[in-house]
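Q: sequence and predicted structure below; questions after.
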Amino acid sequence: MKAGLLQEISQLQGALNRINDELAAINVTADPEKREKLFSVGKKKFNTHPKAGIKYLIDNKLIGEDVDSVAEFLYGCKELKKSAIGEYLGERDDFNIAVMESFIGRQSFRGQSLIPSLRQFLHSFRLPGEAQKIDRLMECFAKHYCEQNPSMFNKPDTCYILCYSIIMLNTSLHNTSVKEKVTLEQFISMHKDIEGFTSAHDEMLTGLYETIRIEPFKTPDDDNNDLGSAYYNPDKAGWLFKLGSSYRSWKRRWFVLSERCLYYFESENDKSPKGIIPLEGVCVRMVDDKSRPHTFEIFSNTADVIKSCKTEPRGKLVEGKHTVYRLASASYEEMNDWTKAIERNVHKNPLLATLQQRKRKYDPISGTPVRK
């Protein structure tokens, strides 16, 4: 009897605590000034760690916890980084996928041709770097576009493949690092073995090619995506030892990893970096070095010079000539964290591989889906 009474008291106390917490939250969020401060913190958290930011906003009753409330926040808030929105929408969790569908569903493409619709879509966020995330976003866009324009394509998958081709074409024609540009003939040939495309579509493909050649897609710029905010909201930052190329001596430098670039400074408080290493066409590996433990390297995966730049003692910015950057950390755990973080930020082009994978799903002769 006594035990049952104690249990009831404990349950009542727990319920009372929850009510007090809810009342405290209501009181805080009812104050406009406090609410604005919390909302500002939540947006900053989202720009750095999207999932953590959404959780913070929901926990503080600043946005609803349902899918549509989160989607409305992402679509309507102008202070969010477009890259953070893309990362959140691309996650494979059921809730994130539902938010993605609601986010894309808020956009109207009805009566628009494909390229203007694709421009509008790609301006609402920045495509993430992972192939699977891009795949989910583009597939959802194609489905939504075809629902609003049912006479344009016989099936969403045809639209999906064409969207990928257009993005790849844009990169090929307007990225200065791409040496061999895709020709019109190659662009048309890319679609010969895909269901839904016939010689009758050559005129349409020619029009798409010329449109992208004349007016490239513009990557949405984040309002706070300058170098200062890159240093302020890095993916990782900390002290590392860097092996100099001239005197082969180790120097302690402050490193900041952000926006697929690695920056290094002489001190943590410096405003301008000593060097910048764009993480494009590189790999990372752990190595043994007798002069210093916990060593790893960033190296070119083509044996070419890594694209980089550094500041000379007199302040002149010069192009780097490294094929390898050798770095060392204070512990094995820290080395492991750095190598994983750098690998996450290495710039890859996932579009071509995904398009080829999608094309392989169809028989080249009949154009019908391949059953496995």
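A: Received it, and whenever you're ready, just let me know what you need.
Q: when you work out contacts or count neighbours from here on, use the C-alpha atoms and nothing else.
A: OK.
Q: mind exporting stretch 111-131 as CSV, just the C-alpha atoms?
A: This file holds the C-alpha atoms of stretch 111-131, laid out as CSV (Å, rounded to 0.1, in the frame of the first residue of the first chain):
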residue,chain,number,x,y,z
GLY,A,111,3.1,25.6,-67.2
GLN,A,112,6.9,26.2,-67.1
SER,A,113,9.4,24.5,-69.3
LEU,A,114,12.1,22.4,-67.7
ILE,A,115,15.1,24.7,-67.5
PRO,A,116,13.3,27.7,-65.9
SER,A,117,11.8,25.3,-63.4
LEU,A,118,15.2,23.7,-62.7
ARG,A,119,16.7,27.2,-62.2
GLN,A,120,14.0,28.1,-59.7
PHE,A,121,14.4,24.8,-57.9
LEU,A,122,18.2,24.9,-57.7
HIS,A,123,18.1,28.5,-56.4
SER,A,124,16.0,27.6,-53.4
PHE,A,125,19.0,25.7,-51.8
ARG,A,126,22.5,24.5,-52.8
LEU,A,127,22.9,20.9,-53.9
PRO,A,128,24.9,18.9,-51.4
GLY,A,129,28.0,17.0,-52.4
GLU,A,130,26.9,13.5,-51.8
ALA,A,131,25.5,11.5,-54.7
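Q: buried residues in it?
A: By 16 or more other Cα atoms under 10 Å, the buried positions in stretch 111-131 come out as 114, 117-118, 121-131.
Q: which of those sits closest to residue 151?
A: residue 114 (12.1 Å; Cα to Cα).
Q: local confidence estimate at residue 228?
A: Here, the pLDDT recorded for residue 228 equals 44.
Q: pull the CA atoms of whichever strand or helix holds residue 166 into PDB?
A: For residue 166, the element it lies in under DSSP states H and E is helix 156-174. Taking Å, rounded to 0.1, in the frame of the first residue of the first chain, the C-alpha atoms of helix 156-174 are listed here in PDB:
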ATOM      1  CA  PRO A 156       9.200  11.100 -64.000                       C
ATOM      2  CA  ASP A 157      12.400   9.000 -64.600                       C
ATOM      3  CA  THR A 158      12.900  10.500 -68.000                       C
ATOM      4  CA  CYS A 159      12.600  13.900 -66.500                       C
ATOM      5  CA  TYR A 160      15.000  12.900 -63.800                       C
ATOM      6  CA  ILE A 161      17.800  11.800 -66.200                       C
ATOM      7  CA  LEU A 162      17.400  14.900 -68.300                       C
ATOM      8  CA  CYS A 163      17.800  17.100 -65.200                       C
ATOM      9  CA  TYR A 164      21.100  15.300 -64.400                       C
ATOM     10  CA  SER A 165      22.300  15.700 -68.000                       C
ATOM     11  CA  ILE A 166      21.500  19.400 -67.900                       C
ATOM     12  CA  ILE A 167      23.400  20.000 -64.700                       C
ATOM     13  CA  MET A 168      26.400  18.000 -66.100                       C
ATOM     14  CA  LEU A 169      26.200  20.000 -69.300                       C
ATOM     15  CA  ASN A 170      26.300  23.300 -67.300                       C
ATOM     16  CA  THR A 171      29.400  22.100 -65.400                       C
ATOM     17  CA  SER A 172      31.100  21.000 -68.600                       C
ATOM     18  CA  LEU A 173      30.400  24.200 -70.500                       C
ATOM     19  CA  HIS A 174      31.000  26.800 -67.800                       C
END
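Q: helix or strand right after that helix?
A: helix 184-189.
Q: and that next one, average pLDDT?
A: 89.
Q: kindly report the same for stretch 157-170.
A: pLDDT averaged over stretch 157-170 gives 87.
Q: and it, how far from the chain's centre?
A: The chain centre lies 19 Å from the centre of stretch 157-170; the measure is Cα atoms, centre = their mean, to the nearest Å.
Q: identify each buried residue in it, please.
A: Using 16+ other Cα under 10 Å as the test for burial, stretch 157-170 gives 157-170.
Q: among these, which pair sits farthest apart?
A: Every pair of these checked by Cα to Cα; the farthest is 157 and 170, at 20.1 Å.
Q: could the buried residues of stretch 111-131 go into a markdown table alongside distance to residue 325?
A: Below are the buried residues of stretch 111-131 laid out as a markdown table (distance: Cα to Cα, whole Å):
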| residue | distance to residue 325 |
| --- | --- |
| 114 | 44 |
| 117 | 43 |
| 118 | 39 |
| 121 | 38 |
| 122 | 35 |
| 123 | 35 |
| 124 | 36 |
| 125 | 33 |
| 126 | 29 |
| 127 | 29 |
| 128 | 26 |
| 129 | 23 |
| 130 | 25 |
| 131 | 27 |
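Q: which parts of whichever strand or helix holds residue 42 are buried?
A: Assigned by DSSP H and E, residue 42 belongs to helix 32-48. Neighbour-count burial for helix 32-48 flags 35, 38-39, 42-48 (criterion: 16+ other Cα under 10 Å).
Q: any idea how far residue 150 is from the residue nearest to residue 159 when sequence neighbours are not counted?
A: Spatially, and ignoring its direct neighbours in sequence, residue 159 is nearest to residue 142 (5.6 Å; Cα to Cα, 6 or more residues apart in numbering). Remark: distance between residue 142 and residue 150 (Cα to Cα, to the nearest Å) = 11 Å.
Q: pick out whichever of the two has more residues nearby.
A: residue 142 (22 against 15; other Cα atoms under 10 Å).
Q: check that one and give its pLDDT.
A: Reported pLDDT for residue 142: 94.
Q: that one is in what secondary structure piece?
A: Short version: residue 142 belongs to helix 131-148, going by DSSP H and E.
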